[in-house]
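Enquirer: sequence plus the predicted model coming up.
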Amino acid sequence: MLATITQNLGLVVILIAILFLGKVMLDLLVHLLHKKNADHELSESDNPAFGVSFFGFLTALAIATLAGITPGDAPYTTDIAVMAVHGAFTVIALLIAWVVNDKCILYRIRNADAIFNGRNLSVGIAEAASFIATALVLAGAWSSGGWGAVILWFVAGQVMFIVVMLLYHWVTPYDSQAEIAGNNIACAFGFSGFLIATGILVGKAVAGPSSHIGTDLRDACLYLAIGLATLVIIRLLIGRLFLRTPALNKEISVDRNPNAGLAEAVIYAVTAFAFTTLM
């Protein structure tokens, strides 16, 4: 048992090193693209918007790095090598997802300006959710086969997140991007929960050995479509069941009630988790 504890502590040290590498890479990108100092934003400026996005990035990096690691099932050195490879690839993938979020998901919002200058916490929450959703897809993709399949599912996941953003905008009577741009935290919670639920669904859909890429894509899209349809139906019941009000949209867009947004986010995530666990 002592040997197992020692080995697990060693893996924790490796994980911390990977998280630090991710921080260094993100700091560098922040400086190169936005001429900002990440450490200053976190410590001196006390910028909560960047803090939420940044620690969402680290959480996502940990989720994807640890995916597929079961101490004892493989030699210790193999676990270390797998963690290192997963971590390095995840850092790159998350930084790409950061750009996709800015240009394609929240395409009407200048994320960097909103976070660094506007200190918009809602945008920070949405970015954190995008990181975590991407990590959930990668966590499922590691088991699908070779690197070609992993890269394919990463790209497919980003495309699906863009489609999901359009779907969320369609099912909500208010302008979700305008609400997030206006720092409506309630809307940011709901939107982020929908993104993370999508990550849970896609991650489950792509998990397992890959057979034929066309068949796998078809099955993943069908699985996601059924899951999202379930989430849309569930949304109609959230206000009545958990807030004792039929006016969920008013609670979010007019009253800006963060409890309504949290209820929406949690029910999305729980529903997606149940959907993927029970099927």
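Expert: Looks like it came in fine.

Enquirer: every contact and neighbour count from this point should use C-alpha atoms.
Expert: Will do.

Enquirer: which is the next helix or strand following the strand or helix carrying Leu15?
Expert: Assigned by DSSP states H and E, Leu15 belongs to helix 2-34. Where DSSP H and E defines the elements, the next helix or strand beyond helix 2-34 is helix 38-39.

Enquirer: so how far is stretch 58-71 off the chain centroid?
Expert: 13 Å (Cα atoms, centre = their mean, to the nearest Å).

Enquirer: I'd like the mean pLDDT over it, please.
Expert: For stretch 58-71, the mean pLDDT works out to 85.

Enquirer: so which bits of that stretch are buried?
Expert: Of all the residues in stretch 58-71, those buried under the rule 16 or more other Cα atoms under 10 Å are 58-69.

Enquirer: please apply the same query to stretch 98-113.
Expert: Buried residues in stretch 98-113 (16+ other Cα under 10 Å): 98, 100-102, 104-106, 109, 111-112.

Enquirer: format these as TSV; extra columns: pLDDT.
Expert: Listed next are these as TSV, based on pLDDT from 0 to 100:
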residue	pLDDT
Trp98	89
Val100	86
Asn101	84
Asp102	83
Cys104	84
Ile105	85
Leu106	86
Ile109	88
Asn111	89
Ala112	88
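
Enquirer: now, these that are in helices?
Expert: 98, 100, 111-112 (DSSP state H).

Enquirer: quick check, nearest of the buried residues of stretch 58-71 to Val163?
Expert: Ala60 (21.1 Å; Cα to Cα).

Enquirer: in terms of secondary structure, what does the helix holding Leu15 contact?
Expert: helix 38-39, helix 48-66, helix 76-100 (3 or more Cα pairs under 8 Å, 6 or more residues apart in numbering; DSSP states H and E).

Enquirer: contacts only, for the residue lying closest to Ala181 once chain neighbours are set aside.
Expert: Once flanking residues are discounted, Ala181 sits nearest to Ile109: 6.3 Å by Cα to Cα, 6 or more residues apart in numbering. With contact set as Cα atoms under 8 Å, 6 or more residues apart in numbering, Ile109 has these partners: 102, 177, 181.

Enquirer: what about the second one, neighbour count?
Expert: By the other Cα atoms under 10 Å criterion, the neighbourhood of Gln177 contains 21 residues.

Enquirer: next one: it from Ala149, what distance?
Expert: 32 Å (Cα to Cα, to the nearest Å).

Enquirer: kindly report the same for the first one.
Expert: Counting by Cα to Cα, the separation of Asp102 from Ala149 is 25 Å.

Enquirer: could you list the buried residues of the helix or strand harbouring Ala225?
Expert: Using DSSP H and E, Ala225 falls within helix 213-238. Under the neighbour-count criterion of 16+ other Cα under 10 Å, helix 213-238 has 216-217, 220-221, 223-224, 227-228, 231-232, 235, 237-238 buried.

Enquirer: do the same with stretch 170-189
Expert: 174, 176-177, 179-189.

Enquirer: strands - which of the residues you listed land there?
Expert: Using DSSP state E, no member of those falls in strands.

Enquirer: pLDDT at the residue lying closest to Asp39 once chain neighbours are set aside, what is it?
Expert: Distances taken as Cα to Cα, 6+ apart place Asp27 nearest to Asp39, at 7.8 Å, with adjacent residues excluded. The model reports Asp27 with a pLDDT of 93.

Enquirer: Asp27 and Asp102, how far apart?
Expert: Asp27 is 17 Å from Asp102, by Cα to Cα.

Enquirer: ok, then the element right after the lowest-mean-pLDDT helix or strand in the chain?
Expert: When each helix and strand of the chain is scored by mean pLDDT, DSSP states H and E, helix 213-238 comes last, with a mean of 80. Downstream of helix 213-238, the next assigned helix or strand under DSSP H and E is helix 248-253.

Enquirer: could you check the angle whichever helix or strand comes after that next one makes with helix 213-238?
Expert: Downstream of helix 248-253, the next assigned helix or strand under DSSP H and E is helix 258-278. Put simply, helix 258-278 runs at 140 degrees to helix 213-238, going by axes from the mean of the first three to the mean of the last three Cα atoms, to 10 degrees.

Enquirer: which strands or helices does helix 258-278 pack on?
Expert: Using 3+ Cα pairs under 8 Å, 6+ apart: helix 258-278 touches helix 185-206, helix 213-238, helix 248-253.
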